[in-house]
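Chemist: Compute the structure for the input listed below.
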Amino acid sequence: MNILRNEIRTGILVVLSLSGLVALLLYLGSPGVFVAQKSFRIYFDNAAGLEPGAPVLLAGRKIGQVRKLYSPVPLKERPTPKMETLVEVQVSKAAQIFVRVKAQITQPSLLGKPVIDFTSGEEDSGLAPDGTHFIGERQPGLADAVPAVLEKIDPALIKAGATLDSLQRTADNLTKLTSEGSALPAMMEEFKQFGVHLNQLSGPDGSLRRSLQNIEKMTGENGKFDIALGHIADITAPGSDLTKAMSHAEQFTGNLSANKDIELALRNIRRVSENMDREIKRLGDQFSTVGKNLGDASDTVKRQPWRLIWPSTKKYEDERVSPRPVFKSTKK
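Modeler: Here you go, the predicted model:
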């Protein structure tokens, strides 16, 4: 009797264990059997790494799982040509997923598997009914970050390469400038010679130092410039000779401007000068005649000196034979 009871208890325990195991498997494999579920469809351009059974989260809390993936979706069924993947998910019916919500594929950890997370839902849009379609997006991961980083770094690398090329050309030019026989060493040598000459000029016994000392002596106290300036100050002082002469000149010109006989004197002087011009012109004509006569006389003495003793029969161009006057008698 006791054996029978033990066998019955053992059978009941086995049945209960199997029932619990089956229920657990059904709960894990088919959540909709025990908990009310609703399905959504999400379109992605790429669902790489996402697998059936992957968790579906609502703001980080698990509410369901991925049921199926369809890829590629026929072109006529795509909301946009780029959306090639359709993911069907099952979530708890009590989950508050709104019509306007952000659905994205994320990776919670660096080595974890991708999951679908609903975030940024707008309550005003209302709860999404069963079978709603969403447009999802993929959160950039490490694989997507590398090309983006390279894309941003590429222009900088190009500029860095150009800068290095410019620096290389600059280094080559500096090498050419500083090489033996180039212009820069010769210029530096000339600059060195210039420094030596400048040092000699500005040295204690240099010509520049002596010139500055001479200038200092000339412009210093009791120097030539100082003495000359003192003389100029003495000449231009209020009681100096120059001041007195200027005062006398001013007084003389004032008297001349006040004298009314100056105009008459000037007219007389003008008249006398005109008379003198006429007399000088007349005397000049006479001197010309005398000079011509002297020339004729000297020519006669030179060519025919005997005519000074005997009467001369020489005729001159200017001589005119005047007719002898005829005297008439007044008597009848």
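
Chemist: who's in contact with His133?
Modeler: Contact analysis of His133 by C-beta atoms under 8 Å, 6 or more residues apart in numbering lists 40-43, 79. To be clear about C-beta, it is placed using only N, CA and C from the backbone, and glycine gets the same treatment.

Chemist: Please list only the buried members of these.
Modeler: 40-43 (16 or more other C-beta atoms under 10 Å).

Chemist: now, the most widely separated pair of those residues?
Modeler: The largest separation in the buried ones among the contacts of His133, counting by C-beta to C-beta, is between Phe40 and Tyr43 at 10.8 Å.

Chemist: which residues are common contacts for those two?
Modeler: Common neighbours of Phe40 and Tyr43, counting by C-beta under 8 Å, 6+ apart, are 133-134.

Chemist: so which of the contacts of His133 comes closest to Phe134?
Modeler: Nearest to Phe134 among these, with distances taken as C-beta to C-beta, is Ile42, at 4.7 Å.

Chemist: and the host helix or strand of the closest one, what does it pack onto?
Modeler: Assigned by DSSP states H and E, Ile42 falls within strand 37-44. Here strand 37-44 is seen to pack against strand 85-92, strand 133-135 when contacts are counted using 3 or more C-beta pairs under 8 Å, 6 or more residues apart in numbering; DSSP states H and E.

Chemist: List the buried residues for the longest one?
Modeler: It refers to strand 85-92. Buried positions in strand 85-92, judged by neighbour count with 16+ other C-beta under 10 Å: 85-87, 89-92.

Chemist: quick check: mean pLDDT across that strand?
Modeler: On average, the pLDDT along strand 85-92 is 92.

Chemist: Could you please name the strands that strand pairs with and the direction of each pair?
Modeler: Partner strands and pairing direction for strand 85-92 (DSSP bridges) are strand 37-44 (antiparallel), strand 61-70 (antiparallel).

Chemist: For these, give me a markdown table that also has distance to Lys113 and mean pLDDT.
Modeler: What follows is those, written out as a markdown table (distance: least, C-beta to C-beta, whole Å; pLDDT from 0 to 100):
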| stretch | distance to Lys113 | mean pLDDT |
| --- | --- | --- |
| strand 37-44 | 15 | 91 |
| strand 61-70 | 11 | 91 |
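
Chemist: most packed of those?
Modeler: strand 37-44 (a mean of 21; mean count of other C-beta atoms under 10 Å).

Chemist: Pull up the pairing partners for the next helix or strand after that strand, direction included.
Modeler: Downstream of strand 37-44, the next assigned helix or strand under DSSP H and E is strand 55-58. For strand 55-58, the paired strands and their directions (DSSP bridges) read strand 61-70 (antiparallel), strand 115-119 (parallel).

Chemist: Could you save those as JSON lines and add columns showing distance to Glu216?
Modeler: Listed next are the strands paired with strand 55-58 as JSON lines, based on distance: least, C-beta to C-beta, whole Å:
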{"stretch": "strand 61-70", "distance to Glu216": "97"}
{"stretch": "strand 115-119", "distance to Glu216": "90"}
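
Chemist: Of all those, which one is nearest Glu137?
Modeler: Using C-beta to C-beta as the measure, strand 115-119 is the one of the strands paired with strand 55-58 that comes nearest Glu137, at 10.9 Å.
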